[in-house]
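*Asks:* 3D model of this:
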Amino acid sequence: MYSDTPQRKRKRAVEGCSQCVKEATSNVPNTDAPARKKRKGPVNRPKRITQGQRKANEPETFDSCYEVGDKLGEGCFGSVYEGRHVSDGLQVAIKFVSKWETGRCLYSPVESKVLPVEVTLLQIMSQPPICKNIVQLIEWFDELDRYILILERPHPCVDLESFMENLGNCLDEEMARAVMVQVVEAASQCSKRGVLHRDMKGENFLINTDTSEVKLIDFGCGDLIKTTEYDSYAGTLLYCPPEVFVSGKYHADPATVWSLGVLLFRMVCGYLPFAHHMQTMAGIFNVKDGLSKECCNLIGWCLERCPYQRPSLQQITEHEWFQSTNQA
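*Replies:* Reported below is the predicted structural model:
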């Protein structure tokens, strides 16, 4: 959803406090001192409040804490910009989410109250121990018509979809394996913490072009995991499992595994396995020539039409296709 490619620049100046403090003087009692002679000794006067003291007593606002830079990208429910924390210069990503575009809220165990869904899920995923493959929420602001999320900003980075396009639209198996290990780790950590991301695709993973570290972003389509079936879907339909189209119902982990199978197919083949929902329901796909038997086996297992025949996230990490990475 966001990368280091700027689109337009937008800056906000830090707002200072313009309120003035009136000075008052105490009445000095009459004395017998000669005229034009000043009375000796202290005179009680109210203390002058400095501008720094006034700012210290005011609640911090987004405009007082951050400067906004170039636009980085668009998500399902908001736009993301470069940002800088004024006090220490920390480089961040700033996501603006209109309250009119998303009204979904979830109970946050972190703040013990109902919050916007993306805030709740990011708060859960940002608790220690930190998962390095998931972008961290630094803080957030609640304004009249929008939410503002202050997010970790890896640098330099691009989204995984753009990364693949820059390399000829697909990855060789060795690189795909290195990426997929991190993708599965992010999915596993979400599952362990009871978070359903529900939109795991190339555009929602950032990859650091220096270190190849991968981070999952954009939890706006997500939900809390439940043991019963879901009866509504939010996410990208080309990554949607067939049971959604067949019965309208699905479970969290099998749906996630299906999307990981689609993503792995996209990485090594350079195109998506299904062009529309009818092909998804049929479950018929063709991999490109030259892929290893192990890779094809893992893709086919993740893309089983029956959700109960798909591997668990743990079984994916233990698959023989990953063994060369695990032994490295």
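
*Asks:* how near is residue 208 to residue 93?
*Replies:* According to Cβ to Cβ, to the nearest Å, residue 208 and residue 93 sit 14 Å apart. Bear in mind the C-beta positions are built from the backbone N, C-alpha and C, glycine included.

*Asks:* okay, these two: which has more neighbours?
*Replies:* Shown here are residue 208 and residue 93; by other Cβ atoms under 10 Å, residue 93 has more neighbours (25 against 15).

*Asks:* quick one: which helix or strand includes the more buried one?
*Replies:* strand 91-98 (DSSP states H and E).

*Asks:* which residues does the nearest residue to residue 301 once chain neighbours are set aside contact?
*Replies:* Distances taken as Cβ to Cβ, 6 or more residues apart in numbering place residue 311 nearest to residue 301, at 5.3 Å, with adjacent residues excluded. Residues near residue 311 by Cβ atoms under 8 Å, 6 or more residues apart in numbering: 257, 301-302, 319.

*Asks:* Check residue 140 too.
*Replies:* 119, 147-150.

*Asks:* Just the strands from the stretch 51-200 of the chain, written as ranges.
*Replies:* Shown for the stretch 51-200 of the chain, the strands assigned by DSSP state E, counting those that start in this stretch span residues 66-74, 78-85, 91-98, 105-108, 113-116, 137-142, 146-152, 157-159, 195-196.

*Asks:* per-residue pLDDT, the residue nearest the centre of the chain?
*Replies:* With distances taken as Cα atoms, centre = their mean, residue 217 lies nearest the centre of the chain, 3.6 Å away. pLDDT, residue 217: 96.

*Asks:* swap in the one 4 residues further on?
*Replies:* Residue-level confidence at residue 221 comes out at 94, pLDDT.

*Asks:* what do you get for the one 10 residues further on?
*Replies:* In the predicted model, residue 231 carries a pLDDT score of 95.

*Asks:* can I assume residue 232 sits in a helix?
*Replies:* No: counting by DSSP: H, G, I helix; E, B strand; the rest coil, residue 232 is not part of a helix but coil.

*Asks:* would you list every one of the helices in the stretch 201-328 of the chain?
*Replies:* For the stretch 201-328 of the chain, helices defined by DSSP state H, counting those that start in this stretch occupy the ranges 242-246, 252-269, 277-282, 293-302, 313-317, 323-326.
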